[in-house]
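Visitor: Sharing a model prediction with you, sequence too.
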Number of protein chains: 2
Amino acid sequence: MSHILLVEDDSDIMRINRTFLENEGYTVHCADSVQTASFMLEECVPDLVLLDVMLPDGDGMDFCKILRQKTQAPVIFLTARDENDSVVMGFRSGGDDYITKPYDLNVLKARIEAQLRRNAKQSPQHPKIELPELTVDLFAGTATFDGNEYSLPQRELQILYMLASQIGSRISYHDIYKTIYGCDVEDSKNTIRVNISRLKKHLNMDDMSTYEIAATSDGEYVLRRVIF
Amino acid sequence: MSHILLVEDDSDIMRINRTFLENEGYTVHCADSVQTASFMLEECVPDLVLLDVMLPDGDGMDFCKILRQKTQAPVIFLTARDENDSVVMGFRSGGDDYITKPYDLNVLKARIEAQLRRNAKQSPQHPKIELPELTVDLFAGTATFDGNEYSLPQRELQILYMLASQIGSRISYHDIYKTIYGCDVEDSKNTIRVNISRLKKHLNMDDMSTYEIAATSDGEYVLRRVIF
DNA sequence: GAACAGAATTACGAAATTGTAATCACAGGG
DNA sequence: CCCTGTGATTACAATTTCGTAATTCTGTTC
């Protein structure tokens, strides 16, 4: 499932790691120098990088900085040194974990899994407005209203989003138009009015709904919670 | 410009405040009891509420709780009492500020302005992804890419948003399809492929762009920063 | 009640969107 | 050099979107 980029110049260690990780079900890409690793980045897209600190043509930490320009994939440093400043520098250059040789393969496995899990967790949660009986999801282009979900066209969604994000306060035609279209124009009233009308219909808004869109006398709209 | 709801049973104080505030350019709605204030809420939509704590038919704090169900408009309590627990209770019931009588009208003005300013500040800032040379704005339905702004249709925007929010990691056809359509289906590949193709064209993506959308051999896509 | 004004809704048609299917491009293997 | 499979692009058509304009609705004034 996951792709691991292994950067290691000791061929024995590389072979052992590679075999072990492939048996665990990972796809392993190997590189024995900074240069080949950089090259491989163009080809494979790793989910995680195992990176030896000492490499024949440069420092693993430098490579780590290059890597960070391309991906957020977690980096685990592998090293013989166990000095503190090396650890600190590793983390500072963007590393996520640090394992000192010699290490137990099951420890390696556990740390890899931990990093991958962590990365999977901060998965996509779209921005949403959530009010009681009313939610607006800009990513999905949907709104739930009084228990039902509706897929709304862009203009209506934008208006609902504006109203919902400032529930209870008045928003003028001009503000709405300006926010949506970037500029203002003579006949903004009609356009907004029509779209709000469409919005109400789409949401099946009526006297029984928990919210209403009220118009004030001087060209402003308000989304209000109706309380019986 | 702004509408202020003034709830005060002392007719002298009400008149003085009303006149002063109207001279300052506010639209003032008055109520002398909890009941009329509740009723006025249905009619006017205040941007700010000035609320006497002691009212003939109830406690201003109770009204404050009702109010909060309808609007986030700031509430400033007006009171003769200056005991601490009254202040605490006022804030607890949702009040934003507290002025003890007698007060200077210019102090009142300053506090009103402060509250309105505060409310205006937390104004709508849409969720965006911002990377160097690439931004995605779900609200506006637009993306900027290498300096140009493009208005994208929903499907393409959704895909770009997913890719951009996980730049550098592989996302499968299935994941994209499932996230966008909610369910998975047999022929998800083609649909996603076509939309990604359209997306590239819309963004004028070519070899010279700072990002590329690369496809892996096993049905996955990656958004990558191209480094020369 | 007539007349009117402004708001709300509906009608309409041009343009955009988008899933499906057809076509093109291209690499690997015979 | 021809197949063949796969990915990328293009073609197409049904549907949706959406601004404008027409119409209806509603409340107010005379």
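Guide: Thanks, I have the structure now. Residues are numbered from 1 along each chain as shown, chains lettered A, B, ... in the order given.

Visitor: And the lengthiest helix in chain A, how far out from the chain middle?
Guide: Longest helix in chain A by number of residues (criterion: DSSP state H): helix A:105-121. Relative to the centre of its chain, helix A:105-121 is centred 20 Å away, using C-alpha atoms, centre = their mean, to the nearest Å.

Visitor: Beyond it, next helix or strand please.
Guide: strand A:128-131 (DSSP states H and E).

Visitor: Touching that next one from outside, list them.
Guide: A:135, A:136, A:137, A:138, A:161, A:164, A:165, A:167 (C-beta atoms under 8 Å, 6 or more residues apart in numbering or on different chains). Yep, even glycine has a C-beta here, placed from its N, CA and C like the rest.

Visitor: Same question for it: list its buried residues.
Guide: Neighbour counts using 16 or more other C-beta atoms under 10 Å in any protein chain shown place A:128, A:129, A:131 of strand A:128-131 among the buried residues.

Visitor: any chance of these in TSV, with pLDDT too?
Guide: Converted to TSV, these look like this (pLDDT from 0 to 100):
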residue	pLDDT
A:128	84
A:129	86
A:131	85
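
Visitor: Need the pLDDT of residue A:84.
Guide: Model confidence at residue A:84, given as pLDDT, is 57.

Visitor: Kindly report the residues of chain A close to DNA strand D.
Guide: Residues of chain A lying near DNA strand D by C-beta under 7 Å from any atom of the strand: A:151, A:152, A:153, A:154, A:155, A:156, A:187, A:190, A:191, A:194, A:195.

Visitor: ok, of those, which come out buried?
Guide: By 16+ other C-beta under 10 Å, those give A:152, A:154, A:155, A:156, A:191, A:195 as buried.

Visitor: Switch the residues of chain A next to DNA strand D over to CSV; also include secondary structure and pLDDT.
Guide: Putting these into CSV (DSSP: H, G, I helix; E, B strand; the rest coil; pLDDT from 0 to 100) gives the following:
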residue, secondary structure, pLDDT
A:151, strand, 95
A:152, coil, 96
A:153, coil, 96
A:154, helix, 96
A:155, helix, 96
A:156, helix, 96
A:187, coil, 78
A:190, helix, 91
A:191, helix, 93
A:194, helix, 95
A:195, helix, 96
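
Visitor: Helix or strand with the lowest mean pLDDT in chain A?
Guide: One helix or strand of chain A scores below all others by mean pLDDT, DSSP states H and E: helix A:84-92, with a mean of 59.

Visitor: one step back: which two in the buried ones among the residues of chain A next to DNA strand D are spaced the farthest apart?
Guide: A:152 and A:191 (16.3 Å; C-beta to C-beta).

Visitor: circling back: of the residues of chain A next to DNA strand D, which are in range of chain B?
Guide: Contacts with chain B within the residues of chain A next to DNA strand D, as defined by C-beta under 8 Å from any C-beta of the partner chain: residue A:154.

Visitor: give the contact list for residue A:76.
Guide: A:48, A:49, A:50, A:51, A:95, A:96, A:97, A:98, A:99, A:111, A:112, A:115.

Visitor: Quick one: neighbours of the fourth one, just the number.
Guide: So the one you mean is residue A:51. Neighbour count for residue A:51, taken as other C-beta atoms under 10 Å in any protein chain shown: 26.

Visitor: Just the element for it, please.
Guide: strand A:48-52.

Visitor: Quick one: check that strand for contact with chain B.
Guide: No: Strand A:48-52 stays clear of chain B (C-beta under 8 Å from any C-beta), getting no nearer than 9.9 Å.

Visitor: Name the strands paired with the helix or strand following that strand and say parallel or antiparallel.
Guide: Per DSSP H and E, the first helix or strand lying C-terminal to strand A:48-52 is strand A:54-55. Sheet pairing of strand A:54-55 (DSSP bridges) gives strand A:58-59 (antiparallel).

Visitor: quick one: contacts of the strand it pairs with?
Guide: So strand A:58-59 is in contact with A:33, A:34, A:53, going by C-beta under 8 Å, 6+ apart.

Visitor: Please report how far residue A:99 lies from chain B.
Guide: 22 Å (C-beta to the nearest C-beta, to the nearest Å).

Visitor: what about the closest residue to that residue other than its chain neighbours, how many neighbours?
Guide: Leaving aside its sequence neighbours, residue A:99 sits nearest to residue A:78 (C-beta to C-beta, 6 or more residues apart in numbering or on different chains; 5.5 Å). Using other C-beta under 10 Å, residue A:78 is surrounded by 23 other residues.

Visitor: what residues are up against residue A:78?
Guide: A:8, A:50, A:51, A:52, A:53, A:99, A:101, A:103.

Visitor: Confirm it sits in a strand?
Guide: Yes: assessed with DSSP: H, G, I helix; E, B strand; the rest coil, residue A:78 lies in a strand.

Visitor: quick revisit: what's in contact with the strand holding residue A:51?
Guide: A:2-10, A:17, A:60, A:63-64, A:67, A:73-79, A:95, A:112, A:115-116, A:119.

Visitor: Report the contact partners of residue A:223.
Guide: So residue A:223 contacts A:160, A:163, A:164, A:166, A:167, A:168, A:211, A:212, A:213 (C-beta under 8 Å, 6+ apart).

Visitor: my bad, residue A:55
Guide: A:7, A:9, A:32, A:33, A:34, A:63 are the contacts of residue A:55 under C-beta under 8 Å, 6+ apart.

Visitor: Residue in chain A with the shortest distance to DNA strand D?
Guide: residue A:153 (3.0 Å; C-beta to the nearest atom of the strand).

Visitor: give me every residue that touches that residue.
Guide: Per C-beta under 8 Å, 6+ apart, neighbours of residue A:153: A:141, A:198.

Visitor: Now do it against residue B:36, distance only.
Guide: 41 Å (C-beta to C-beta, to the nearest Å).

Visitor: count of neighbours near the residue nearest to residue A:151 when sequence neighbours are not counted?
Guide: The shortest distance from residue A:151 to any non-neighbouring residue, by C-beta to C-beta, 6+ apart, is to residue A:142 (5.1 Å). Neighbour count of residue A:142, defined by other C-beta under 10 Å: 16.

Visitor: Who does residue A:142 form a beta bridge with?
Guide: residue A:137, residue A:151.

Visitor: correct me, but it touches residue A:149?
Guide: Yes: with contact defined as C-beta atoms under 8 Å, residue A:142 counts as touching residue A:149 (5.6 Å).

Visitor: Output stretch A:219-228 as CSV, restricted to C-alpha atoms.
Guide: What follows is stretch A:219-228, C-alpha atoms only, in CSV (Å, rounded to 0.1, in the frame of the first residue of the first chain):
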residue,chain,number,x,y,z
GLY,A,219,-32.0,46.5,1.0
GLU,A,220,-30.6,44.2,3.6
TYR,A,221,-31.1,40.5,4.3
VAL,A,222,-30.8,38.6,7.6
LEU,A,223,-30.8,34.9,8.4
ARG,A,224,-32.7,34.4,11.6
ARG,A,225,-33.5,31.5,13.8
VAL,A,226,-37.3,31.3,14.2
ILE,A,227,-38.4,30.6,17.7
PHE,A,228,-41.9,29.6,18.4
